[in-house]
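**Q** Give the three-dimensional model of this entry:
(2 chains)
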Number of protein chains: 2
Amino acid sequence: MQNKANVLLIGCGGIGTIGALNLELGAQATVTAVLRSNYEHVKAHGFCIKSIDHGEVEGFKPSILRNTIPDLTTESLPPYDYIIVTTKNYADIPPSVATLIHPAVTPGHTRIVLLQNGLNIHKPLQSAFPTNIILSGVSFCGSHQVAPGKIVHEDDDELYIGAFRNAGLAPEVEDAAAQDFVRIYGAGGKCQPQFNPDVAFSRWRKLLYNACLNPICAITDLDTGRIQLAEGAIEDLVKPAMREIQAAAKACAGVELPDETLDFMITMDPITMYNPPSMQVDVRSGRFTEFENLVGEAVREGRAKGVAMPTLTVLYGILKAMQWRTKEKRGLVTVPEAVDHTVQK
Amino acid sequence: MQNKANVLLIGCGGIGTIGALNLELGAQATVTAVLRSNYEHVKAHGFCIKSIDHGEVEGFKPSILRNTIPDLTTESLPPYDYIIVTTKNYADIPPSVATLIHPAVTPGHTRIVLLQNGLNIHKPLQSAFPTNIILSGVSFCGSHQVAPGKIVHEDDDELYIGAFRNAGLAPEVEDAAAQDFVRIYGAGGKCQPQFNPDVAFSRWRKLLYNACLNPICAITDLDTGRIQLAEGAIEDLVKPAMREIQAAAKACAGVELPDETLDFMITMDPITMYNPPSMQVDVRSGRFTEFENLVGEAVREGRAKGVAMPTLTVLYGILKAMQWRTKEKRGLVTVPEAVDHTVQK
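**A** Purely as a prediction, here's the structure:
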């Protein structure tokens, strides 16, 4: 019998908690979960989960709960075999993921699983940890934390695991690591991740949702049900954006995204679910959005290959302006004082 | 001495009230103002105005206050020489302006002054009232009603009056009507409107603001000060949109809008005024926007002449989706009932 994998999970919201549950269920891993805002609640009560895969689960706790990132230089802890990062990834807002996880990474050993969206998210990690395998997790798991520790999981957990290629490492070793993670994650039997040798394919494919539907819902404040009902929104906004991703995927990575995949992404969330995608939830809550990784990188990659990205360019500009607004609200930028301009001439 | 003009003013918010004040001050007109939400307040207290042109004015009341549109078929009233319409003009939300003012119009006599924004707003009026002169009022008057009857007027009242051409009427008669209106509006001495023989020029010129800055501020919820401060917003969003209006104005109406005019519109509102333009105020208040006349008509006109309008097309699609959201909130459209999708498989 194999030893259990020592897993550090950073971010225990909708996606992270379902991941912890799958890993603990399979008994092939011991999960140390780092919680932030929900730490006190979960420590006292555990998670309350209502899930399409797991049913109703009361009081679930990962093996170890923490509210800080472990620091292996000062704490006497065994090295982590895997660090799974499910936090938001804001390319423009410090700290970076690399800075965040740095104290917990054992060089040459820890495999870093980025269960996060967008393009090129591995690049800063490969720079910071050149001897570590970086895995890609692309998840279609509609799961939200609706209150501290309360998780509603209403979409099938569909997870694609592959390795981001690192020129300094052997591809077969990287792929074996991805397959090992698939094994331990799937051992619980409730979610069978798929080994995904072509990470570019799954990442560009998911951008059909995340660079198109997600920002359009966020900007218009229409959820994925209403965006299908609102006259013209799919044909005039969503599809033009998706066709730009389709063209860029082909030009940048040789990835073919058939038209049926566009339609699949549009109708994936049933209308009557009225699901607000993550970016819409973020905007509604006054939080930052991952617009740089989801839209900005796609626009930059596409344009670099000469693909016209008119729709995504405008969406990107709007999201950037909205991020600035959030930065102002959070004190990251300040503006000159207002002046009374009603004084009579 | 000439008789006073009998003027009916429909819509007495920020722009309408300053118009009523100018007209009554000049003593060349008697103003009947139709008020809606602020009627009771103004009847009791008058308007309280703080104005860059007029200073502080307490208790101002137009000659006659009403809360209904006069119906000349049932009320014994003299005909109106002018009907000035300053209400919002929603092409997609009934009732239309023509329907609204119909009972007060004397065919062949009443001149209808559309102190409203956008392109092609005269077309439904010319269909409904083919023997009436329709005048165009393009106003750059930063004036807002900040509470019932309380008007803050902080931008110079810059008003361009001209005639929309009607093939069935004589241009010199139309122009004389426009000049007569300029005379009675300017008689008070606080605002001298300009006679504007080229209505297309002033309407396309104002679209630089109203089809570009206005929707971009509304969508991003950044006012005209913050949009100048937010990194990239002017160069990546506002200017591309303005260049599309510039190209369409030339192609559709032979109107030359020099680059300096683009810069002028961007910096017209000083940063420290932090002025939310009208569409941003509408969105913040959950009201409909005039997106069809401001953006939709420009996109349709430009495209019909083969002008590429990629930025404005996206803005138009977003505004249309936002309007649908407002329609749903106001019960003009309904959606299917939500279904619980968390039930375990």
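
**Q** My guess is residue A:12 contacts residue A:33. True?
**A** Yes: Residue A:12 lies in contact with residue A:33 (CB atoms under 8 Å); the separation is 4.7 Å. C-beta coordinates here come from the backbone N, C-alpha and C atoms, glycine included.

**Q** joint contacts of these two?
**A** Common neighbours of residue A:12 and residue A:33, counting by CB atoms under 8 Å, 6 or more residues apart in numbering or on different chains, are A:20, A:62.

**Q** Let me see the backbone angles for residue A:97.
**A** phi -60, psi -40 (degrees, to the nearest 10).

**Q** One more: the one 4 residues further on?
**A** The phi and psi torsions at residue A:101 (degrees, to the nearest 10) take the values phi -90, psi -10.

**Q** Check which helix or strand the residue lying closest to it once chain neighbours are set aside maps to.
**A** Closest residue to residue A:101 apart from its sequence neighbours, by CB to CB, 6 or more residues apart in numbering or on different chains: residue A:83 at 5.6 Å. Using DSSP states H and E, residue A:83 maps to strand A:82-85.

**Q** Show me what that strand pairs with in its sheet, parallel or antiparallel.
**A** Here strand A:82-85 has these sheet partners by DSSP bridges: strand A:5-10 (parallel), strand A:111-114 (parallel).

**Q** So the residue nearest to residue A:101 sits against residue A:109, correct?
**A** No: Residue A:83 lies out of contact with residue A:109 (CB under 8 Å); the separation is 10.6 Å.

**Q** Which one of the two is surrounded by more residues?
**A** Applying other CB atoms under 10 Å in any protein chain shown to residue A:83 and residue A:109 shows that residue A:83 carries more neighbours, namely 27 against 12.

**Q** What's opposite the more buried one in the beta bridge?
**A** Beta-bridge partners for residue A:83, by DSSP bridges, are residue A:8, residue A:112.

**Q** tell me, what's touching residue A:83 and residue A:109 both at once?
**A** With CB under 8 Å, 6+ apart, residue A:83 and residue A:109 have no common neighbours.

**Q** can you list the domains in chain A?
**A** Domain segmentation of chain A under automatic domain parsing yields A:5-196, A:200-329.

**Q** a markdown table for the ones you listed, including mean pLDDT?
**A** Listed next are those as a markdown table, based on pLDDT from 0 to 100:
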| stretch | mean pLDDT |
| --- | --- |
| domain A:5-196 | 95 |
| domain A:200-329 | 97 |
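
**Q** any idea which of the ones you listed is most buried?
**A** domain A:200-329 (a mean of 21; mean count of other CB atoms under 10 Å in any protein chain shown).

**Q** Any idea how far it is from the middle of the chain?
**A** 14 Å (CA atoms, centre = their mean, to the nearest Å).

**Q** Would you map the strands across the stretch 1-150 of chain A?
**A** A:5-10, A:29-34, A:47-51, A:55-60, A:64-66, A:82-85, A:111-114, A:134-140, A:143-147, A:150-153 (DSSP state E, counting those that start in this stretch).

**Q** Which elements pack onto the second one?
**A** For strand A:29-34, the elements it packs on are strand A:5-10, helix A:14-26, strand A:64-66, judged by 3 or more CB pairs under 8 Å, 6 or more residues apart in numbering or on different chains; DSSP states H and E.

**Q** Quick one: these as a markdown table, columns for distance to residue A:196 too.
**A** A markdown table is the format used below for these (distance: least, CB to CB, whole Å):
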| stretch | distance to residue A:196 |
| --- | --- |
| strand A:5-10 | 19 |
| helix A:14-26 | 16 |
| strand A:64-66 | 29 |
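
**Q** who wins for proximity to residue B:46 among those?
**A** When those are compared by CB to CB, helix A:14-26 sits nearest residue B:46, at 55.8 Å.

**Q** And stretch A:188-198, end to end?
**A** 25 Å (CA to CA, to the nearest Å).

**Q** Does it reach chain B?
**A** No: residues of stretch A:188-198 are not located near chain B by CB under 8 Å from any CB of the partner chain, the shortest gap being 10.0 Å.

**Q** From the rest of the structure, what touches that stretch?
**A** For stretch A:188-198, contacts defined as CB under 8 Å, 6+ apart pick out A:18, A:21-27, A:53-54, A:136-138, A:157, A:159-162, A:175, A:178-179, A:181-182, A:185-186, A:202, A:255.

**Q** Now do the contacts for the one residue in the stretch 201-345 of chain A that gets nearest to chain B.
**A** Residue nearest to chain B within the stretch 201-345 of chain A (CB to the nearest CB): residue A:310, separated by 3.5 Å. Shown in contact with residue A:310 (CB under 8 Å, 6+ apart): A:240, A:244, B:310-311, B:313-314.

**Q** can you do 7 Å?
**A** residue B:310 (CB atoms under 7 Å, 6 or more residues apart in numbering or on different chains).

**Q** for residue A:80, same thing?
**A** Neighbouring residues of residue A:80 by CB under 7 Å, 6+ apart: A:6-8, A:104, A:106, A:110.
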